[in-house]
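K.L.:
only geometry, no sequence info:
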């Protein structure tokens, strides 16, 4: 593969055109939810806005710092991880506002309020999860294309799940499982045999693992906000916070325990700690606002930490070798399996009446539909991304920022003449 | 230039004296806004405090983590960036409380509540912006001196703008343009011909650019809080949040697009991504709480991202060579131009009636006054900072933490004997 | 000392067993505070939950990011600092929920609401502080053991202090002094003569000091939330926020001033900046919600910054050499002395009537009791930790992640063959 990776006009014209299109569409379709109330205040709605604003900001931090830094673990792909994460999330929240809003028009208009902003941020999470599956192997332009397709399909699937009458407050199914299987399907289509024996840059260094922990911790801490942000005010929202808090805590202990159990000499592996400690947040998502008790939440977290760690250790290598699915960040273990588990927990919880008026059959149908839509959508998008003009990197330049970024010379090293060349080589790579 | 950079007694005695002076002045002039209500609660005011506290904390994060880490991009100036940022912000919020409070006395006293705390944090932002213009070329003592003068002048100008009857809820003019042109004027006075051909430490390394992204992202995420924190509760505050959210999102796409357009082989430049993605927050500031529509906000962000990126690429070199203004962080491109643009947007928006009862003429007068006060204030302050006894660094020690900080030896490297010397040389520099 | 540091089954079985025990105990004893209200909403309680949730999240960030990253200053112990911090905090918040809840049963049940979550997070802070005293010298298993004992004893002491009728809203005594003296007592028992001449890894490198500043800043910014989270709604909570804000600001100036005063050539020392700038938050804790005036708060912060910096410079070396207490992070200077100072400030403040209905004698008794319980508890726990089967590291592997973590190879260096060996040696250490 020797594609043209010079993005100068391709990327810039596409991005500018896309943003102009968004502005035009916003001009036609979008207005403030507040617009009718500009003079006559609506106290209840205003209270909701202020009450939910901290939840919104927590979710915002998860999207931009959480997902962004979680992916900086690669030694030479930090600029792309945190930078392209910002790019696709900033595009995605605008596109998501439109795609989700089209299903909820008010007099032909999309109205923007605090809940639509939270949902717009949510919609970007699907692409950021899929980004993890293809991390290091795609161009920025490919990621914008993926965002367009994935958010569109996500919004349709989300509407379908709501239409069916299923509940998924923390989005185990419609965001986590969806994003994971969409990304894995796309990654399967984009399979690179040239990377099957690994790549020198596909790994971490000491400080890149610490940067990744910034992402892990902000995701971990604010996950209760993610799972409760759009729950009904009152007891449901409070249970969503409490359940997520305890599920995550339990998950940490099993993630550490199983990491130590499966690793050489009982050492912890940063990959597990960075990721599997979060599986409890994913897995408790669907039934977060249900009356499952702290006991139930902890049980879910307990199992999620185990499944996720074992997935990293045993499934990811099999996926790469047997299924020809290269999953850079292991999103299958953090979002895929725990997302499915969350869907199943929702089936069980509704079956035992933890949330009145919801049916386990419907929950199962929603889970199956989400899985199917994600895989089909991911395969189609994968084939579109395979077209040869998106500036994708050749195998040898995967996992390397220098192909799409101006990268500074290395810190001064003992033998300057060497380092100078080294630096220059990097930059021109 | 060979000034005495030993700060031992100079800095410590000055800082202690300053803090004692602050405590005495607070003892005389400052009391809680709550003091009258210590027993009889005022429910509405208490609600305002709790409602605005998350906004305050978001602004607080922007000031200390956002500005602090944004400036850590320099390879050997991270301690100073984040450390002196903390120092001047901690001093500045106390001084700002006094300087702003003197214009709003209650029975001869300054009353402290949540809004005065937000405003005190705001007042420090002006110095932190100016700090970016002179970064690497000043001593900690000089920065305290600058903070004293700049915050004093800022508070007067802010009062003038309010007195004129102009509106500037997100402070495009009174903070961003003010801080930028104040700093640029000071930097012009402090021009160092010895640095006109650059300096080996005036650049980033891989990890320092990632640290800077922590600053960028926290500024980006919490900017809606900055622009809405002191807006009127209700529709205005909500519009300020929504407008800033969408302006920033649009700005990201044009910042990436133009970075790719102007750089070698279409690569992104971290300088643009770290800074120009934020210009949409600055530029939408003045009219954030106005009824400009998401469409209007996005248009402002769209243009701000372009102007800022082009400024970094083309204006900064001209400023350094032709105008003899060395702008280390490019604050002209992030705060100056977008701040002016924000002022102009405010003129246009008031002209078309986006905020009733405000006049475009007054807005224009406020912008012009702010620019003039900033430049004059910056020039005067620059001359004061030029006095030879503030411990300023010689040219060869600019952009280097070792002159004001105990810096640890480098990480162990292959040839220890070399590294040892290297380390010692650094520390004694 | 040549203990078996292979943690494979020891750690994993212990952690899994502990988590199963927690789940069982939660199943028996714990329910939502919301449970009775699942259908009939209680508007006031719901409002409290939403109002305090941002305070909870701020405290949460302090616990996981603040404490975690503050300890990443060591050059080769970042994984453990941030990782074991997460482990013991995640365990601790579950255990703390039980230990604190047992003193406040409702019909034989522990009820979970926003305040119990805040208190659970608080309870973990004690262990995280003690962790700082023994950092680099203990195994993950030892830290879980310490957490079990320390949180149990903390909950008893906290109850004792409340039973006596003392006030300690920001927990200068019951968290900071308690955690510090508990940890110091344990560290004394665990004294390692092999480390008395230092250790090559007991120090920082440039970037590790920047990571630590992430911790410092999030602690600094959110400390007002820590000190006010469980204060009475209204004037007391507002005073707690305001007092902490100004105490911390004043503390920064004296920390910088005294750091410069006591260091070579007047340079700042990162150890002081990372830690002593926070002493104002600790020292104002007990009287945070009292009517001491911003003036009083700033005076406390002023003194705390001085005491803490001088403690780092002069006391820590004496502790290590004369008292045989090795205090890795200097918790005595950040939490011990300022905690005692906070207790004394509380005595003075209640004596002058800054909080009606509280007695200085009782405050003094609470301080003395806390100190005694901490020291006795720490000594006992220290002897338990000294048992030879917890996998503690030999002296030469202290302060080194490689003994408990899979550590990646170093970044590519000029001479690859060397680096390869270097890397392998590290990993097998």
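P.N.:
That came through fine. Predicted model only: the values in this text are computed from it and were never measured.

K.L.:
Distance check, the residue in the stretch 51-200 of chain A positioned nearest to chain C against residue B:53.
P.N.:
Minimum separation of the stretch 51-200 of chain A from chain C (CB to the nearest CB) falls at residue A:54, amounting to 4.4 Å. No exception for glycine: its C-beta is placed from N, CA and C like everyone else's. Per CB to CB, to the nearest Å, residue A:54 is found 9 Å from residue B:53.

K.L.:
can you check residue A:373 too?
P.N.:
Residue A:373 is 42 Å from residue B:53, by CB to CB.

K.L.:
How about residue A:325?
P.N.:
For residue A:325, the distance to residue B:53 - CB to CB - is 46 Å.

K.L.:
Out of these two, name the residue with the larger neighbour count.
P.N.:
Just comparing residue A:325 and residue B:53: by other CB atoms under 10 Å in any protein chain shown the higher neighbour count belongs to residue B:53, 24 against 21.

K.L.:
What does the pLDDT read for that one?
P.N.:
On the pLDDT scale, residue B:53 is placed at 97.

K.L.:
And for the residue of the stretch 251-400 of chain A found nearest chain C, the neighbour number?
P.N.:
For the stretch 251-400 of chain A, the residue closest to chain C is residue A:266, as judged by CB to the nearest CB, at 3.0 Å. By other CB under 10 Å, the residues close to residue A:266 number 21.

K.L.:
Test my guess that it contacts residue C:6.
P.N.:
Yes. Counting by CB atoms under 8 Å, residue A:266 does reach residue C:6; the two are 5.2 Å apart.

K.L.:
thinking again about what came up before, touching both of residue A:54 and residue B:53, which residues are there?
P.N.:
residue C:54 (CB atoms under 8 Å, 6 or more residues apart in numbering or on different chains).

K.L.:
Helix or strand: which one has residue A:110?
P.N.:
Assigned by DSSP states H and E, residue A:110 belongs to strand A:110-112.

K.L.:
so what secondary structure elements neighbour that strand?
P.N.:
Secondary-structure packing of strand A:110-112 (3 or more CB pairs under 8 Å, 6 or more residues apart in numbering or on different chains; DSSP states H and E): strand A:30-32, helix A:78-101.

K.L.:
now these as JSON lines including mean pLDDT, mean neighbour count and distance to chain B?
P.N.:
Output for the helices and strands packed on strand A:110-112, formatted as JSON lines (pLDDT from 0 to 100; neighbours: other CB atoms under 10 Å in any protein chain shown; distance: least, CB to the nearest CB, whole Å):
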{"stretch": "strand A:30-32", "mean pLDDT": "96", "mean neighbour count": "21", "distance to chain B": "5"}
{"stretch": "helix A:78-101", "mean pLDDT": "98", "mean neighbour count": "26", "distance to chain B": "4"}
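
K.L.:
Any chance of a markdown table for those, columns distance to residue A:164?
P.N.:
Formatted as a markdown table, the helices and strands packed on strand A:110-112 follow (distance: least, CB to CB, whole Å):
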| stretch | distance to residue A:164 |
| --- | --- |
| strand A:30-32 | 28 |
| helix A:78-101 | 17 |
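
K.L.:
out of these, nearest to residue B:335?
P.N.:
helix A:78-101 (19.9 Å; CB to CB).

K.L.:
Could you see whether chain C lies near the closest one?
P.N.:
No. On the criterion CB under 8 Å from any CB of the partner chain, helix A:78-101 is out of touch with chain C, staying 12.1 Å away.

K.L.:
Alongside chain C, which residues does the stretch 101-250 of chain A contribute?
P.N.:
Counting by CB under 8 Å from any CB, the residues of the stretch 101-250 of chain A that sit close to chain C are A:203-207, A:209-210, A:213-214, A:217-218, A:220-222, A:225, A:233-235, A:237-239, A:241-242, A:245-246, A:248-250.

K.L.:
what ranges do the strands span in the stretch 301-429 of chain A?
P.N.:
Counting by DSSP state E, counting those that start in this stretch, the stretch 301-429 of chain A has strands at residues A:405-406.

K.L.:
can you pull out the helices in it?
P.N.:
For the stretch 301-429 of chain A, the helices defined by DSSP state H, counting those that start in this stretch occupy A:316-321, A:331, A:337-351, A:360-385, A:416-428.

K.L.:
Between helix A:360-385 and the third one, find me the angle.
P.N.:
In this structure, helix A:337-351 runs at an angle of 160 degrees to helix A:360-385, with axes from the mean of the first three to the mean of the last three CA atoms, to 10 degrees as the basis.

K.L.:
Which other helices and strands does helix A:337-351 contact?
P.N.:
helix A:279-283, helix A:293-310, helix A:360-385.

K.L.:
Buried deepest among these, which one?
P.N.:
helix A:279-283 (a mean of 34; mean count of other CB atoms under 10 Å in any protein chain shown).

K.L.:
hmm, it in reach of chain C?
P.N.:
No. For a cut-off given as CB under 8 Å from any CB, helix A:279-283 has no contacts with chain C; the smallest distance is 9.6 Å.

K.L.:
Need the contact partners of that helix.
P.N.:
A:170, A:172, A:176, A:219-220, A:223, A:226-227, A:244, A:247-252, A:255, A:300-305, A:307-308, A:333-335, A:337-339, A:341-342, A:345.

K.L.:
How far off centre is it?
P.N.:
13 Å (CA atoms, centre = their mean, to the nearest Å).

K.L.:
do stretch A:329-349 as well
P.N.:
That offset, for stretch A:329-349, works out to 13 Å (CA atoms, centre = their mean).

K.L.:
Stretch A:361-369 too?
P.N.:
With CA atoms, centre = their mean, you get 22 Å for stretch A:361-369.

K.L.:
neighbouring contacts of that stretch?
P.N.:
A:157, A:160-161, A:164-168, A:173-174, A:177, A:286, A:340, A:343-344, A:346-347, A:350.

K.L.:
Could I get the average pLDDT for it?
P.N.:
Mean predicted confidence for stretch A:361-369 is 98.

K.L.:
Also stretch A:226-239?
P.N.:
96.

K.L.:
cool, and stretch A:132-148?
P.N.:
pLDDT averaged over stretch A:132-148 gives 97.

K.L.:
Excluding chain neighbours, give the residue nearest to the residue of chain A found nearest chain B in space.
P.N.:
Taking CB to the nearest CB as the measure, chain A has residue A:8 as its residue closest to chain B, at 3.0 Å. Once flanking residues are discounted, residue A:8 sits nearest to residue B:266: 3.0 Å by CB to CB, 6 or more residues apart in numbering or on different chains.

K.L.:
shaky segments in the stretch 151-300 of chain A?
P.N.:
Nowhere does the stretch 151-300 of chain A drop to pLDDT under 70.

K.L.:
most centrally placed residue in chain A?
P.N.:
Nearest to the geometric centre of chain A sits residue A:129, at 2.8 Å (CA atoms, centre = their mean).

K.L.:
does it belong to a helix or a strand, and which?
P.N.:
Per DSSP H and E: helix A:114-134 holds residue A:129.

K.L.:
tell me the angle of that helix relative to helix A:360-385?
P.N.:
Using the same axes, to 10 degrees, helix A:114-134 lies at 60 degrees relative to helix A:360-385.

K.L.:
Is it correct that residue A:263 is in contact with residue A:271?
P.N.:
No. In this structure residue A:263 lies outside contact range of residue A:271 using CB under 8 Å: 10.0 Å.
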